[in-house]
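> Below is the sequence, then the predicted model.
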Amino acid sequence: MCTVYYGPVISPQSLTDYLALPQCLICVSPQGNIEWLVEDVESTKLNDVLSQHDYAPSDITLIRLDDGEFLMPGLVDTHTHACQVPNLGVGGELELLQWLDNYTFPTEARFKDVEYAKRTYPHVVRRIVNSGTTTCCYYGSLHLEATKVLASLVHTAGQRAFVGKCNMNRNCPSNYIEPSVKESVDTTLALINYIEELPKAADGETLLHPILTPRFAISCTEELLTRLGEVAQSNPELAIQTHISENKSEVELVKSLFKTNSYAETYDKFHLLRNNTVLAHGVQLTEDEMVLIAKRGSGVAHCPTSNFYLSSGMARVGMLLDHGVKVGLGTDLAGGYSPSILAEIQHASIASKMLAIQAVDNKKCKCNGGHSESSSSGEEDGHSRGRHGHKQPGRFTNQNLSIATLLYLATLGGAEVCCLQDRIGSFEQGKAFDALLVSVREGDTGNPAVWGYNPDRDLTHGVTAQSADNNLIEWLERFLFCGDDRNIKKVIVQGRTIGGRDYHPLR
Ligand SMILES: O=c1[nH]c(=O)c2nc[nH]c2[nH]1
Ligand SMILES: [Zn+2]
C-alpha cells in the first residue's frame, strides 16, 4: 500500500533556491520511492487528486501533517567518526596533530575490544539517526571486527550510509597502528566483502556501502597509498573518504613526507581523487588545489564545528562552490562536538559571515594602501584582478551563505558529494523518500526556542492559506537555527521510519 503525505513541504532546488510548498501531496510507494508529488492541493481537492492518480482513499495510508509540521529531505552527514563519539566535547584546547595523539588515537584504540564496540556503537548510531541524519559517511577505527559491528548496526537501523575501516600504518602510536601494508589492505577488502554480503531487502535498494578510508596522508606510507589506489582503480564504484588540508602544520608535513607541491596533488598521485571521493575539511586548500579537485569531481565535506573547535580555520566554501567543487556538511565527531547537521548549518553560516567580514576589512585596507593582501586561511585567494588591482569575487566567494545554500549543503549538496544526487537530497518523482517530519510546535516538542516565545503565534488555530508559505519559510529558518532532535518527529529512509521522537520500535 502507498503512503500519501499531505502538508507543508520544503525541498532544495539549487544552491540559491528552494521550494516551500504549504499544501503538498507526496505519494510514497511500498518500496519507499516517490511515486508522484502534487504541489498545491487544497484540502477539499484531496480526493480528486487521489482519484486522478487512480487511488481510492481506501487504497492508501494518508498521513496529514498537523499544524506546525513540515517535511524536508533528510540530512546528509558527509563525514563523521563513529569511533570518536566516546570523546565528544573533550580536547578542544589542542590543535589537530596534538589532539590526535592525546585524545583521538587512545579513544579509537579501545575498539580493539569487540565487546566495547558492541556496547558503544548502538548508542552512536541511534543518536546520529535521531539527529535527523538519513545518510552518513562513517569512519570506523582501524579494527576490522569492530567496524563490522558498526556496519551491521547501521544496516539493521536502516540508515543510508557508507562505512569504512581506517587505513593507517605510520605516525600513529604503537598500540594503534596497522602492522603491515598487507594487513591493512586485507582487512579493508574483508570489510568491503562483509558489507557487500549483508542481506539485501527483497524489493529495496542497497542502503549501506563500503568506503575506502585512508585516514589521511600522514598516517599512510607511499606503499599503502599505492595499494589502496590500486584497490580503488580496480573498483570504480567504491567510494573513498579521507581528510585533506585541515590544519597548516598538517599540510606542511604532508608536503615534506611525500615531496609534493600540495596535499591534493599527493592524493591525486595515488589515484585517490575521483568523483566518488569525499575530502573532509579543505580549510587550507589553495585555489590551484580547488581547480584540481573540481576537475576530478571530488567533493568536500565542510565541517565547521570541528574547524572552530580544533582552531583549524574556516574553509572557503564560497570559493569552493565558485570553482564548481561539490560541497556537503560533516559533523566530524569528535573534532566536532555535535552529532547534528543542524549545528554544522549554524556554524557554516557563522564561518561564511566571518569570511565575508574579513574580506571587507581586507578590501578597505587595500583601498587605503599599504596593507598586504591576506585571506583567512590560505596564502592566496587567487581571483582574477579587476581594474583597481582588487580581486573580483565570484558568486559565492566571500558572501554569507544564504538559507537556500545552507539547506542545499545539508541535503542535496551532501547527496552530490556521496554521488547519490539521483536518489536523495530533494523530493522528486522517482527519488527515494528520505525525509524528516519536523514539528516547530512548542507543546509538541518541548523546544520553545523554535516557536520564538511569541504568544500571538498559535499554530493550534491553524495556518491560513495566505500566511502559510511565509510561515513555512520562517519555520524552516527557526528549525535550522534553533531546532534540535526534539523537533524531529520522524526520520524516514527509503520510506521507512527509522528514528525520531515518534519512533518507539520496542513498544
Ligand atoms: O578532524 C580530524 N579527525 C581525525 O580523526 C583525523 N585524522 C586525521 N585527520 C583528522 N582530522
Ligand atoms: Zn574527520
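Received it, and whenever you're ready, just let me know what you need. Ligands and ions are numbered 1, 2, ... in the order given.

> Can you tell me which residue sits nearest the middle of the chain?
With distances taken as CA atoms, centre = their mean, residue 77 lies nearest the centre of the chain, 2.4 Å away.

> List the contacts of that residue.
128, 133, 135-137, 329-331, 341, 414 (CB atoms under 8 Å, 6 or more residues apart in numbering). All C-beta spots, glycine's among them, are computed from the backbone N, C-alpha and C.

> Most neighbours out of these, which is it?
Counting neighbours by other CB atoms under 10 Å, residue 414 leads these with 37 neighbours.

> which parts of the protein sit against ligand 2?
Residues of the chain found near ligand 2 (CB under 5 Å from the ion) are 280, 332.

> got any ranges where the chain has weak pLDDT?
366-393, 442, 449, 451-470, 507 (pLDDT under 70).

> Point me to the residue of it nearest ligand 1.
Using CB to the nearest ligand atom, residue 335 is the residue of the chain that sits closest to ligand 1, at 3.4 Å.

> Name the SS class of residue 12, please.
Classification of residue 12 using DSSP: H, G, I helix; E, B strand; the rest coil returns strand.

> That one: neighbouring residues, count only.
Count around residue 12 with other CB under 10 Å applied: 25.

> ok, back up a step: tell me the contacts of the closest residue to the residue of the chain closest to ligand 1 other than its chain neighbours?
With CB to CB, 6 or more residues apart in numbering as the criterion, residue 335 has its nearest non-adjacent residue at 3.3 Å, and that residue is residue 306. Counting by CB under 8 Å, 6+ apart, residue 306 makes contact with 281, 312, 330-332, 335-336.

> With ligand 1 in mind, check whether the strand or helix carrying residue 306 reaches it.
Assessed by DSSP states H and E, residue 306 sits inside helix 304-309. Yes. With CB under 6 Å from any ligand atom as the criterion, ligand 1 is reached by helix 304-309 at residue 306.

> same deal with stretch 212-223?
Yes. For stretch 212-223, a contact with ligand 1 is found by CB under 6 Å from any ligand atom, at 215-216.

> Strands of the stretch 151-300 of the chain, start to end?
Along the stretch 151-300 of the chain, counting by DSSP state E, counting those that start in this stretch, strands occupy 160-164, 166-167, 208-214, 239-244, 277-281, 299-302.

> highest average neighbour count across these?
Mean neighbours per residue, mean count of other CB atoms under 10 Å, is largest over these for strand 299-302, with a mean of 31.

> Pick out the residue in the stretch 151-300 of the chain sitting closest to ligand 2.
Nearest residue of the stretch 151-300 of the chain to ligand 2 (CB to the ion) works out as residue 280 at 4.8 Å.

> residue contacts, the nearest residue to residue 217 once chain neighbours are set aside?
Residue nearest to residue 217 in three dimensions, not counting chain neighbours: residue 254, with 4.7 Å by CB to CB, 6+ apart. Contacts for residue 254 (CB under 8 Å, 6+ apart) come out as 216-218, 260, 263, 266.

> Could you export those residues to JSON lines, including columns for neighbour count and distance to residue 488?
Putting those into JSON lines (neighbours: other CB atoms under 10 Å; distance: CB to CB, whole Å) gives the following:
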{"residue": "216", "neighbour count": "25", "distance to residue 488": "32"}
{"residue": "217", "neighbour count": "27", "distance to residue 488": "37"}
{"residue": "218", "neighbour count": "21", "distance to residue 488": "37"}
{"residue": "260", "neighbour count": "16", "distance to residue 488": "43"}
{"residue": "263", "neighbour count": "28", "distance to residue 488": "36"}
{"residue": "266", "neighbour count": "23", "distance to residue 488": "39"}
